[in-house]
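In: Take a look and give me a structure for this.
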Amino acid sequence: MTTQDLDLMDAKTFADGIPHDHFRRLRRLDRPIRGTDTDGEPLWHLLRHRDVVAVSKDHRTFSSSPTTMTSIRKVDPSPPIITFLDSPEHTRIRKLTFKVFAPARLAALQKPIRGIVDRLLAQARERGGFDLAEDIALRLPFEVLLELLGIPEEDRELMLGWARRTVNLGDEEYDGDGLGGQDAFQQIHAYLQDFARHRAAHRTDDCFSLLLDARLQGAERLGLADRLTPEEVGLFASTLITAGSETTYCSVTGAVLALLDFPDQLDRLRADRSLLPTATNEVLRWVTPVTHFARRAVTDTVVAGQPVAAGETVVMWYSSANRDEEVFADPDRFDVARTTNPQLSFGGGGPHVCIGNGLAVMELRQFLEGVVDLLPELEITGPVLRPETNFMNSVKHLPMRFR
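Out: As a prediction, the model looks like this:
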């Protein structure tokens, strides 16, 4: 059996959502599945939880360079963002930027995040009818990230306009001729590089100053620079604004749809707010915002009994791994109290686990806490529209209204 009966690299395969029935059949084969990318490049699909974890943790055998993307997301990786770097450069960037996501800084964001959630929900109530995807899911993570980075208020709407075009790449509404997303990223990058250069000459106590002041001990012994240049800070901030939005963007709409589809779970969560942490984790598993990432084998190896030659690509399907029957009891049931839940929505472990996962969890939890009492008043008023992409499990339009 191959993937020829359902091409996982074809965005149309995901037009109605994640093909979970197909993934379930492929997992039964108990081995990687041969496929091809849209450019004809051969690759191996990894569907099981344990295989995704094994490849994620083996960074010596599997490289993230020159890109972790497939299909429409395979863009020019220069300059390479942190996602496309291997050690030691990847380790250097992570160590120099981790303070941005330190517990104390995230704790200070909790109140502003809740304020953003409450404001967006209040604005939706005032309108009566609104688009949950556009008016809340898309704005929430971008507004939080602009707050984190300290972008001037007068520039935030401009940045939001650019950032909107970087999601749902490949979908005509967002990406236009296929270059819209890349052009928007370059505009964000240029703005933030200028901002970083300005901050290098005029320090404050903001995020950019924190990044510019960071020092890496022992860097000289490794032949690495011990600090970030303004250009590197601008690139990191650009990546944070674009890639850092995707988990929350997808999770917000996915959470609402799940809770409306499973009213017993909504009632359970409304009755017991102590379930918010497990509910947040379950939303991440259930939705799996980013469906897959790729790695390149740097040497001949074997994955789950399948020989993989040096230079070949393996695709780690998080959407499949998060429904693996070997790991999750009754995986097709949405359960806000699920306790055994090693979901892989931030990666399968190893050095490339999402650096901003703590912030994404906080955003989603604050949204759930803010919306859970409003959901009984909400109803869907039109078709749920998905973008044409196989990379994100997103909804681009979700029309709703207050009863």
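In: Going along the chain, name the strands of the stretch 201-350 of the chain.
Out: For the stretch 201-350 of the chain, the strands defined by DSSP state E, counting those that start in this stretch occupy 292-297, 301-303, 306-308, 313-317.
In: now swap in the stretch 51-200 of the chain and tell me
Out: Listed from the start of the chain, the stretch 51-200 of the chain has strands (DSSP E, counting those that start in this stretch) covering 62-63, 129-131.
In: Out of these, which one sits most buried?
Out: Ranked by mean neighbour count, the strands of the stretch 51-200 of the chain are led by strand 62-63 with a mean of 22 (mean count of other CB atoms under 10 Å). For the C-beta atoms, the positions are set from N, CA and C on the backbone; glycine is no exception.
In: Paired strands for it, with orientation please.
Out: Strand pairing for strand 62-63, using DSSP bridges, gives strand 292-297 (antiparallel).
In: hmm, who's touching the partner strand?
Out: Residues outside strand 292-297 that contact it (CB atoms under 8 Å, 6 or more residues apart in numbering): 43, 55, 61-65, 67-70, 308-319, 347, 390-391.
In: So what angle separates the directions of it and strand 313-317?
Out: 150 degrees (axes from the mean of the first three to the mean of the last three CA atoms, to 10 degrees).
In: tell me the contacts of residue 123?
Out: Applying CB under 8 Å, 6+ apart to residue 123 gives the contacts 130, 135.
In: Who are the contact partners of the residue most central in space within the chain?
Out: Nearest to the mean C-alpha position of the chain, by CA atoms, centre = their mean, lies residue 247 at 3.5 Å. By CB under 8 Å, 6+ apart, the contact list for residue 247 reads 141, 284, 289-290, 345-346, 354, 357, 360, 364.
In: Ok, residue 384 next?
Out: Here residue 384 is in contact with 257, 395, 397-398 (CB under 8 Å, 6+ apart).
In: re the thing from before, redo the contacts of residue 247 as TSV? Include neighbour count.
Out: Formatted as TSV, the contacts of residue 247 follow (neighbours: other CB atoms under 10 Å):
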residue	neighbour count
141	29
284	25
289	25
290	21
345	27
346	20
354	18
357	15
360	24
364	26
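In: so can I have CSV of these showing distance to residue 379 and pLDDT?
Out: Putting the contacts of residue 247 into CSV (distance: CB to CB, whole Å; pLDDT from 0 to 100) gives the following:
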residue, distance to residue 379, pLDDT
141, 25, 96
284, 25, 98
289, 24, 97
290, 29, 96
345, 28, 98
346, 32, 97
354, 33, 94
357, 32, 95
360, 28, 97
364, 22, 98
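In: And residue 286, how far from residue 101?
Out: Distance, residue 286 to residue 101, using CB to CB, to the nearest Å: 24 Å.
In: quick one: which of these two has more around it?
Out: Ranked by neighbour count (other CB atoms under 10 Å), residue 286 and residue 101 place residue 286 first, with 26 against 17.
In: Lowest-scoring secondary structure element of this structure by mean pLDDT?
Out: One helix or strand of the chain scores below all others by mean pLDDT, DSSP states H and E: helix 172-175, with a mean of 77.
In: what does it contact?
Out: Residues from elsewhere that reach helix 172-175 (CB under 8 Å, 6+ apart): 72, 164-165, 167-169, 180-181, 387-388, 396.
In: Could you do stretch 140-154 as well?
Out: Outside stretch 140-154, the residues within contact range by CB under 8 Å, 6+ apart are 100, 109, 112-113, 116-117, 120, 156, 159-160, 163-164, 192, 195, 204, 206-208, 237, 240-241, 244-249, 252, 359-360, 363, 367.
In: Surely residue 283 touches residue 253?
Out: No - using CB atoms under 8 Å, residue 283 is not in contact with residue 253, being 10.5 Å away.
In: Any chance of a PyMOL selection covering the buried ones in the contacts of strand 292-297?
Out: Here is the PyMOL command that selects the buried residues among the contacts of strand 292-297 (16 or more other CB atoms under 10 Å):
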select buried, resi 43+55+61+62+63+64+65+67+68+69+70+308+312+313+314+315+316+317+318+319+347+390+391
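In: Look up how far residue 381 lies from residue 100.
Out: Separation of residue 100 from residue 381 (CB to CB): 39 Å.
In: out of the two, which sits in the more crowded spot?
Out: Remark: of residue 100 and residue 381, residue 100 carries more neighbours, 21 against 12, as counted by other CB under 10 Å.
In: What sits closest to the more buried one if chain neighbours are left out?
Out: Once flanking residues are discounted, residue 100 sits nearest to residue 207: 5.8 Å by CB to CB, 6 or more residues apart in numbering.
In: And residue 399, by the same measure?
Out: Going by CB to CB, 6+ apart, residue 399 has residue 382 as its nearest residue, at 3.8 Å.
In: what about that neighbour, helix or strand, and which?
Out: Per DSSP states H and E, residue 382 falls between elements, in no helix or strand.
In: Now do it, the pLDDT please.
Out: pLDDT recorded at residue 382 is 97.
In: Show the residue spans covered by the helices in the stretch 151-300 of the chain.
Out: Per DSSP state H, counting those that start in this stretch, the stretch 151-300 of the chain carries helices over the ranges 156-164, 172-175, 180-201, 207-213, 230-243, 246-261, 263-271, 276-287.
In: what stretches of the stretch 101-250 of the chain score poorly on pLDDT?
Out: 175-180 (pLDDT under 70).
In: again, only this time at 90
Out: 128, 163-185, 205, 219-222, 242-244 (pLDDT under 90).
In: Show me the longest helix that occurs in the protein.
Out: Longest helix of the chain, by residue count under DSSP state H: helix 103-127.
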